[in-house]
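Participant: sharing a model prediction with you, sequence too.
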Amino acid sequence: MLQAWRRYIKNKFVVAVIALVFAIALSAIISLFKAVETHSLLEQESLTPAFGLLSQEILKPLYIAETIARSSSIKTQMNSSDIDQEAIQKKLSEISQEFDMEFFVASELNRTQYNSDGSTLSLELDRVEWYFNAKNNDLEIVGMLGKRDDIRIYFDVKIYNAEGTFLGFVGVNRKLTSFMEAFDNFKKQFGYDFIFVDHNNNIVLSSDDRFNADGKRIMRLEQLAWYSAFSAQQKNNSQLKNYLVEVENEDVLIAQANLDSLNWKMFLVNPLKTRQAAATEKFIAQTIIVTIAIFTGILIVYLVIRSLQGEFARRHQNDPLTQLPNRAQLFWQYDKVAKKGKNNSIIIVDIDHFKSVNDTYGHSAGDFVLCEVAKILQQQLRDNDVVARWGGEEFVILLPAANKTITQLIAERTRAAIAKHIFEVDKKVIKITASFGNCTDNQKSSLNLIIAQADEALYKAKNGGRNKVCSANQPIHSIPAKIWPTVSAK
Ligand SMILES: Nc1nc2c(ncn2[C@@H]2O[C@H](COP(=O)(O)OP(=O)(O)OP(=O)(O)O)[C@@H](O)[C@H]2O)c(=O)[nH]1
């Protein structure tokens, strides 16, 4: 018994270990795929708002200024020496309100700047330096940034007539306060810094204040450690790219976007250390959760299969000799019957002097008798009755919903059927009889208890001379607990 338990526990342990290893391996694979997926998603999620901000705050004013510079109505106005100031300022004021930016048009012909707020400015050589610098510059669009405390972005786009003659500028300026605030939040959330550089690799604007120009000096891209780690090819790349560079033993992810019309580049700089730690934590947490889920799943499936196997075995276990249900199945059948109602009866049938059949005619003759008796028992019973081989030369009949009188009648009829049956072995007729003990229970008692009482009655029948039917008359709850061993289905 102890050994069986040890074996049982050992088997369970092996199953658990196999399930655990399997679960860990499977969950690691799942988590890995998931982690790669999550990482890409995070990457995407973290970059999308940056590009969103970029297009909303920087590119939009630029595109609007370009569109105005190309519009034929503006060109016609600027080409004329008699500019309709009212019309042009009305137009600029409308656009300004619509897009929440300030615009101006600077005319080369009459050297006047018309602002969207209705004011004008005379473009005199000594007073308005930017105009003459920008005019003489090769760049078609000039981008500039104001001071950090009232941060604004300025774009001046050159206007030409159909013949290619320079007519002046369309200018736009936009406050970048919301851009900087949004980027500060973005930096807190994703750890990125942004850096804008112009065509000379001068840093025009950065979310890291250390890199912004302070009036005395302008920082250059080449002064940044991660840029020095770029290869020559990477430095010259004008495409939209992601690079992974190592700076002082730390991985830094750089995303580069080019603002072609301005000749600017924008870099998003992300030190990966914190993100890697977060990704590792996420991976471990995911692996643990998935492992527990898979392990629990496997164990549940295993236990369900075990229980179904037990149930199946109990239902279908038969005695190999007589093909009658065995003791385990009888218990299972009784449980079913007992749940339904009271008045269940048990008859124990014990072949008389069976030992002498074996001794006289041999063991196979004894087997033959057992099979014949089994057939007789089955023939005598109703469809719902169950006859099982209890062991040796003993049979148990379960009569659901049968009262004492019916039980006695059935037992008596069966006894008579065995007694008058002709058992013929090797052309010799063997006289076989059986003794019967029965008990009717109306309290849904355990099968062990009912059988114990039927057995008492059988004992009386044997003592009374055999080939007899005796009934138990004691109330069932007063029976001393002589418990029959139950047989497990395994
Ligand atoms: N042939 C055969 N004999 C069995 C089988 N199982 C048990 N027996 C025999 O059944 C006999 C039972 O003998 P006992 O318990 O002495 O009972 P009995 O001879 O029937 O005597 P009473 O019950 O007192 O009438 C034993 O000889 C067992 O070996 C079986 O499967 N096949």
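Facilitator: That came in fine, so what should we check first?

Participant: so which bits of the host helix or strand of Asn133 are buried?
Facilitator: In the assignment (DSSP states H and E), Asn133 maps to helix 129-136. Residues Tyr131, Ala134, Lys135 are the ones in helix 129-136 that count as buried (16 or more other CB atoms under 10 Å). Heads up, the C-betas are built off the backbone N, CA and C, glycines and all.

Participant: how about the strands in the stretch 351-490 of the chain?
Facilitator: With strands called from DSSP state E, counting those that start in this stretch, the stretch 351-490 of the chain shows them at 386-391, 394-399, 423-425, 428-430, 434-441, 469-471.

Participant: over to the stretch 201-350 of the chain?
Facilitator: 203-206, 241-247, 250-259, 264-271, 344-351.

Participant: so what secondary structure elements neighbour the second one?
Facilitator: Okay, so that is strand 241-247. helix 225-228, strand 250-259 (3 or more CB pairs under 8 Å, 6 or more residues apart in numbering; DSSP states H and E).

Participant: and these, which is most packed in?
Facilitator: strand 250-259 (a mean of 18; mean count of other CB atoms under 10 Å).

Participant: pairing partners for that one, with directions?
Facilitator: Strand 250-259 has its sheet partners listed here by DSSP bridges as strand 241-247 (antiparallel), strand 264-271 (antiparallel).

Participant: the residue in the stretch 301-450 of the chain positioned nearest to the ligand: neighbour count?
Facilitator: In the stretch 301-450 of the chain, the residue that lies nearest the ligand is Gly366 (2.6 Å; CB to the nearest ligand atom). By other CB atoms under 10 Å, the residues close to Gly366 number 21.

Participant: export stretch 431-440 as CSV, just CAs?
Facilitator: Only the C-alpha atoms of stretch 431-440 are listed here, as CSV (Å, rounded to 0.1, in the frame of the first residue of the first chain):
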residue,chain,number,x,y,z
LYS,A,431,-25.9,-30.7,-8.9
ILE,A,432,-25.5,-27.0,-8.0
THR,A,433,-27.4,-24.9,-5.5
ALA,A,434,-26.8,-21.5,-4.0
SER,A,435,-27.7,-19.7,-0.8
PHE,A,436,-29.2,-16.2,-0.8
GLY,A,437,-29.1,-13.4,1.7
ASN,A,438,-31.0,-10.2,1.0
CYS,A,439,-31.6,-6.8,2.5
THR,A,440,-33.9,-3.9,1.5
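
Participant: still on that earlier bit, between the strands of the stretch 351-490 of the chain, which gets nearest to Ala28?
Facilitator: Proximity to Ala28 (CB to CB) singles out strand 386-391 among those, at 51.5 Å.

Participant: quick check: residues of this protein near the ligand?
Facilitator: Counting by CB under 6 Å from any ligand atom, the chain comes close to the ligand at 321, 350-355, 358, 363, 366-367, 370, 392-393, 462.

Participant: if we use 5 Å, what do you get?
Facilitator: For the chain, the residues in contact with the ligand (CB under 5 Å from any ligand atom) are Asp352, His353, Phe354, Lys355, Asn358, His363, Gly366, Asp367, Gly392, Glu393.

Participant: pLDDT weak spots in the stretch 151-300 of the chain?
Facilitator: 214-216, 238-241, 272-280 (pLDDT under 70).

Participant: please enumerate the helices of it.
Facilitator: Under the criterion DSSP state H, counting those that start in this stretch, helices of the stretch 151-300 of the chain are mapped to 177-190, 225-228, 232-236, 273-316.

Participant: ok, the residue sitting nearest the centre point of the chain - contacts?
Facilitator: In the chain, the residue lying closest to the centroid (CA atoms, centre = their mean) is Val290, at 7.4 Å. Residues in contact with Val290 (CB atoms under 8 Å, 6 or more residues apart in numbering) are Ala23, Leu26, Ser27, Ile30, Ser31.

Participant: same deal with Cys439?
Facilitator: With CB under 8 Å, 6+ apart, Cys439 has these contacts: Ser345, Ile346, Ile450, Ile451, Gln453, Ala454, Ala457, Ser471, Ala472, Ile476.

Participant: now with 10 Å, please.
Facilitator: 344-348, 404, 407, 445, 449-458, 470-474, 476, 479 (CB atoms under 10 Å, 6 or more residues apart in numbering).

Participant: likewise for Asn438?
Facilitator: Here Asn438 is in contact with 345-349, 397, 399, 402, 404, 407-408, 410-412, 450, 453-454, 457-458, 461, 469-472 (criterion: CB under 10 Å, 6+ apart).

Participant: for ChimeraX, what selects the buried ones among those residues?
Facilitator: One line in ChimeraX is enough to select the buried ones among the contacts of Asn438; burial here means 16+ other CB under 10 Å:
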select :345,346,347,348,349,397,399,402,404,407,408,410,411,450,453,454,457,458,461,469,470,471,472
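
Participant: what's around the closest residue in space to Pro400 that isn't next to it in sequence, how many residues?
Facilitator: Nearest residue to Pro400, sequence neighbours excluded (CB to CB, 6 or more residues apart in numbering): Val337, at 4.3 Å. Using other CB under 10 Å, the number of residues around Val337 comes to 19.

Participant: ditto for the one 3 residues further on
Facilitator: Using other CB under 10 Å, Lys340 has 10 other residues around it.

Participant: can I assume it is in contact with Pro400?
Facilitator: Yes: the criterion here is CB atoms under 10 Å, and Lys340 meets it with Pro400 at 7.1 Å.

Participant: where do the contact lists of the two overlap?
Facilitator: With CB under 10 Å, 6+ apart, Lys340 and Pro400 have no common neighbours.

Participant: circling back: a markdown table for the residues of the chain next to the ligand, including pLDDT?
Facilitator: Shown next, in a markdown table, are these (pLDDT from 0 to 100):
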| residue | pLDDT |
| --- | --- |
| Asp352 | 97 |
| His353 | 96 |
| Phe354 | 96 |
| Lys355 | 96 |
| Asn358 | 95 |
| His363 | 94 |
| Gly366 | 96 |
| Asp367 | 96 |
| Gly392 | 94 |
| Glu393 | 96 |
